[in-house]
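Engineer: Take a look and give me a structure for this.
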Amino acid sequence: MNFGAITMLSALPMPLALAAHGLAGVLLGVVYFRALWWNVQLMGHGGRTAAAIGLMIGRLALMIGALGLASRDGALPLLLMALGVLAGRAFVVRRLRRAPA
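Structural biologist: Numbers count the residues shown, from 1 in each chain. Purely as a prediction, here's the structure:
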């Protein structure tokens with residue numbers, strides 16, 4: 001995800017910027033929760049502890065950074081990005097439930 005693009009969203013017209021924050025939130029949610037699934041797989045199957053810890057730190061840094069940048073644009077963009085993250089979570093959970101184990 002390009003953080004520079006998120007900070008430029010405030011230069012767009014308000015409805016377009018809000019839609020972009022929501023879409024960025026959906027993408028962030030998909031990436032975050034997919035990485036969470038990979039993290040669980042790494043920890044659950046033993047070994048590769050360093051990779052699991054690195055992935056955990058990376059996904060938390062990505063979430064904190066993206067939401068922090070959205071908060072600089074105000075409460076409404078932050079809220080829309082957070083709602084987008086929840087929509088991305090729902091997409092990943094639905095997709096993983098359908099996948100064979």
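
Engineer: Please, which helix or strand holds the residue nearest the centre of the chain?
Structural biologist: Centroid-nearest residue in the chain, with C-alpha atoms, centre = their mean: Leu28, separated by 2.3 Å. In this assignment (DSSP states H and E), Leu28 forms part of helix 14-44.

Engineer: chain center to that helix: distance?
Structural biologist: 2 Å (C-alpha atoms, centre = their mean, to the nearest Å).

Engineer: got the angle for the following helix or strand past that helix vs helix 14-44?
Structural biologist: Reading on from helix 14-44 to the C-terminus, the next helix or strand found by DSSP H and E is helix 49-71. Counting by axes from the mean of the first three to the mean of the last three C-alpha atoms, to 10 degrees, helix 49-71 lies at 170 degrees to helix 14-44.

Engineer: Would you tell me what the next helix or strand after helix 49-71 is?
Structural biologist: Next element after helix 49-71 (DSSP H and E): helix 75-98.

Engineer: mind exporting that next one as PDB, just the C-alpha atoms?
Structural biologist: The C-alpha trace of helix 75-98 is given here as PDB (Å, rounded to 0.1, in the frame of the first residue of the first chain):
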ATOM      1  CA  ALA A  75     -12.700  11.800  11.800                       C
ATOM      2  CA  LEU A  76     -14.900  11.000   8.900                       C
ATOM      3  CA  PRO A  77     -12.100   9.600   6.600                       C
ATOM      4  CA  LEU A  78     -10.800   7.600   9.600                       C
ATOM      5  CA  LEU A  79     -14.200   6.200  10.300                       C
ATOM      6  CA  LEU A  80     -14.700   5.300   6.600                       C
ATOM      7  CA  MET A  81     -11.300   3.600   6.500                       C
ATOM      8  CA  ALA A  82     -12.100   1.600   9.700                       C
ATOM      9  CA  LEU A  83     -15.500   0.600   8.200                       C
ATOM     10  CA  GLY A  84     -13.600  -0.500   5.000                       C
ATOM     11  CA  VAL A  85     -11.300  -2.600   7.200                       C
ATOM     12  CA  LEU A  86     -14.300  -4.400   8.600                       C
ATOM     13  CA  ALA A  87     -15.700  -4.900   5.100                       C
ATOM     14  CA  GLY A  88     -12.300  -6.400   4.100                       C
ATOM     15  CA  ARG A  89     -12.400  -8.700   7.100                       C
ATOM     16  CA  ALA A  90     -15.900  -9.900   6.200                       C
ATOM     17  CA  PHE A  91     -14.600 -10.600   2.600                       C
ATOM     18  CA  VAL A  92     -11.600 -12.600   3.900                       C
ATOM     19  CA  VAL A  93     -13.600 -14.600   6.500                       C
ATOM     20  CA  ARG A  94     -16.300 -15.500   3.900                       C
ATOM     21  CA  ARG A  95     -13.600 -16.500   1.400                       C
ATOM     22  CA  LEU A  96     -11.700 -18.700   3.900                       C
ATOM     23  CA  ARG A  97     -14.900 -20.400   5.100                       C
ATOM     24  CA  ARG A  98     -15.500 -21.600   1.500                       C
END
